[in-house]
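>>> Here is a sequence with its predicted model. Questions after.
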Amino acid sequence: MTGRLRSGSGRLDQVLGGGLPANGISLITGLPGAGKTIVAQQYVFRNASPDRPAVYLSTVSEPLEKIVRFGQTLDFFDRAEIGRSVFYEDLGLTVNRDGLAGVTDQIGALLRERRPGVVVIDSFKALQAFAEGPGEFRTFLHDLTGRLTAVPAASLWVGEYGESEIAAMPEFAVADAIVNLAAVQMGNREIRLLNVSKLRGSGFQSGRHAYRLSSQGIQVFPRLADLPSGAGYSLGDVRMSSGIAALDEMIGEGYWPGASTLVVGPSGSGKTILGLHFIVGGARRGEPGVIATLQENPSQLNRMARGFGWSVDGRPVELMYRSPVDIYIDQWVYELLEAVERTKARRVLVDSLMDLQVASPDETRFREFVYSLTQRLSRQGVSMLMTMETAEASTAHLSDLAISHLSDNVIILGHDIGPGSQMRSIAVIKTRASDHADSIRSFKIGPSGITLADPAQELGELPGGHSEPGLLRPGV
């Protein structure tokens, strides 16, 4: 496929392998409220010109006046182009008076008169009600398709179709492209997802992709799904400090560049502080970092950092806070990758994965998401530290986490309360391409952050480095 119709949304065109067919028929489907009309109008104003205008045809689903009035609320709607490069026409009167044959004749006349580059029919599905039977509707489809494909124009048919109707309705057989928009309920959340069912003569990105609607149109966030690659890529051979010298010794002289580290522990065990050590330690070495937090808002995080004499407010650290209440993980990850690129970050702290897991459509998608993110950053030589809260700190519990095997390093923090005292502990249970200490060490959180106890005061060893550590039991 050569000619493409661009949407004005780079990521939507990316999903479509470059865009919709410039000289074909595309169906934009979805139930009411999915955003079909917004997408159609976006294509209209993105591609219309005086010599190749766009013709927007309403049928009997919504009045033409309502479509135009709604269109005026969109940022890309340009009143100056109405009657010059964008023309709105009503097919409702014609279909009520002359039936489907009259619709075909009116569209044929508009094609000869306007010579458009884009033709939109909204709603196409509504025309089915005017056929006396399946045979008449198929004849109408055949005649209309012949007229539209005889001219160099992109046709967009908008309809309130559900996904189950794609296999049953004859219009889907003649379509060159099918794009479905849907709003999916996830508990008390709703997430909008787009998928491409068909695109003749072209590749496209499979799966369901999140999108949002606004006055600027549709914003698509393609599913982050990096396939395993046999191609190698070079990483530095100089270790990166965790920001805590004693922890570097436990890990084996620090993290490898591009490595991902998972820090697991119960609430209050020090996961966020360990992550701040990682970011602030890098900043002191001139390595930019990004803190992507869903736990602490900027005021809370800055107050915490200042308590240890650190600054995470400004260069070379960028703070990216997003509320977990209405988060799309696909949108979040693109914003994170853009922040990494913009700041040239070498270190990333994600606090915390639990909030992202709650926002994920399912467990499989979450694992796919974490794998793709770690691989994407690793190829760029960016080291990432991720925190995850668990009710119990143990290797037995860790085996239940579906993403622990995706991390290069895994660190467990413990936080136990005994009679009249509380103690925290740390254990390194996994490091790829490196040896690590099999010991469990206690630590304290003080004015300078985390301070590990002397090695002589180790709490015990992890047999083989992989069995139940016990960490700190109450009273230890």
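Happy to help now that I have it. Numbering: from 1, shown residues only.

>>> Residue 130 and residue 98 touch, don't they?
No: applying CB atoms under 8 Å, one finds residue 130 not in contact with residue 98, separated by 9.7 Å. For glycine as for every other residue, the C-beta is placed from the backbone atoms N, C-alpha and C.

>>> Looking at the two now, which is surrounded by more residues?
Neighbours per residue (other CB atoms under 10 Å) separate residue 130 from residue 98, with residue 130 holding more: 19 against 14.

>>> Could you pull up the residues touching the more buried one?
Counting by CB atoms under 8 Å, 6 or more residues apart in numbering, residue 130 touches 95-96, 99-100.

>>> pLDDT score assigned to the residue lying closest to residue 268 once chain neighbours are set aside?
Using CB to CB, 6 or more residues apart in numbering and skipping the chain neighbours, the partner closest in space to residue 268 is residue 415 (5.3 Å). In this model, residue 415 is scored at 84, pLDDT.

>>> And for the one 10 residues further on?
The predicted local distance difference test score for residue 425 is 93.

>>> How much space separates the most centrally placed residue in the chain from residue 403?
Central residue of the chain (CA atoms, centre = their mean): residue 330, 1.2 Å from the mean position. Separation of residue 330 from residue 403 (CB to CB, to the nearest Å): 17 Å.

>>> Please apply the same query to residue 368.
Distance, residue 368 to residue 403, using CB to CB: 10 Å.

>>> Repeat that for residue 453.
30 Å.

>>> Then residue 29?
Counting by CB to CB - residue 29 and residue 403 are separated by 34 Å.

>>> Same check on residue 285?
For residue 285, the distance to residue 403 (CB to CB) stands at 28 Å.

>>> who has more neighbours, those two?
Between residue 285 and residue 403, counted using other CB under 10 Å, the more crowded position is residue 403 (19 against 12).

>>> I figured that one was touching residue 262, is that so?
Yes: with contacts counted by CB under 8 Å, residue 403 reaches residue 262, the gap being 7.1 Å.

>>> Residues in contact with both of those two, list them for me.
353, 388.

>>> Render the CA-only coordinates of whichever helix in the chain runs longest in CSV, please.
For the chain, the helix with the greatest residue count under DSSP state H is helix 92-114. The C-alpha coordinates for helix 92-114 follow below in CSV (Å, rounded to 0.1, in the frame of the first residue of the first chain):
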residue,chain,number,x,y,z
GLY,A,92,-31.2,12.1,6.0
LEU,A,93,-33.8,13.9,3.8
THR,A,94,-32.7,12.0,0.7
VAL,A,95,-32.7,8.5,2.3
ASN,A,96,-36.2,9.2,3.9
ARG,A,97,-37.6,10.4,0.5
ASP,A,98,-35.7,8.3,-2.1
GLY,A,99,-34.3,5.4,-0.2
LEU,A,100,-30.8,3.9,-0.6
ALA,A,101,-30.8,4.4,-4.4
GLY,A,102,-31.2,8.2,-3.7
VAL,A,103,-28.2,8.1,-1.3
THR,A,104,-26.0,6.5,-4.0
ASP,A,105,-27.1,9.1,-6.6
GLN,A,106,-26.5,12.0,-4.2
ILE,A,107,-23.0,10.8,-3.2
GLY,A,108,-22.2,10.3,-6.9
ALA,A,109,-23.3,13.9,-7.6
LEU,A,110,-21.1,15.2,-4.7
LEU,A,111,-18.1,13.3,-6.0
ARG,A,112,-18.5,14.9,-9.4
GLU,A,113,-19.1,18.4,-8.0
ARG,A,114,-16.6,18.5,-5.1
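
>>> Show me what counts as buried in that helix.
92, 94-95, 99-100, 102-104, 106-108, 110-111, 114 (16 or more other CB atoms under 10 Å).

>>> What is the neighbour count of residue 56?
Neighbour number of residue 56 under other CB under 10 Å is 27.

>>> what lines up beside the helix or strand where it lies in the sheet?
Per DSSP states H and E: residue 56 is located in strand 54-58. If you go by DSSP bridges, strand 54-58 pairs up with strand 86-90 (parallel), strand 118-122 (parallel).

>>> Show the average pLDDT along the helix or strand following it.
Tracing the chain past strand 54-58, the next element assigned as helix or strand by DSSP H and E is helix 64-71. Per-residue pLDDT over helix 64-71 has a mean of 90.

>>> I'd guess residue 361 is in a strand, am I close?
No: per DSSP: H, G, I helix; E, B strand; the rest coil, residue 361 lies outside any strand segment and is coil.

>>> so where's the chain shaky on pLDDT?
Applying pLDDT under 70 to the chain flags residues 1-2, 227-236, 392-402, 456-476.

>>> and if we set it to 80?
Along the chain, segments meeting pLDDT under 80 span 1-2, 163, 186-188, 226-237, 361, 391-405, 417-422, 433, 455-476.
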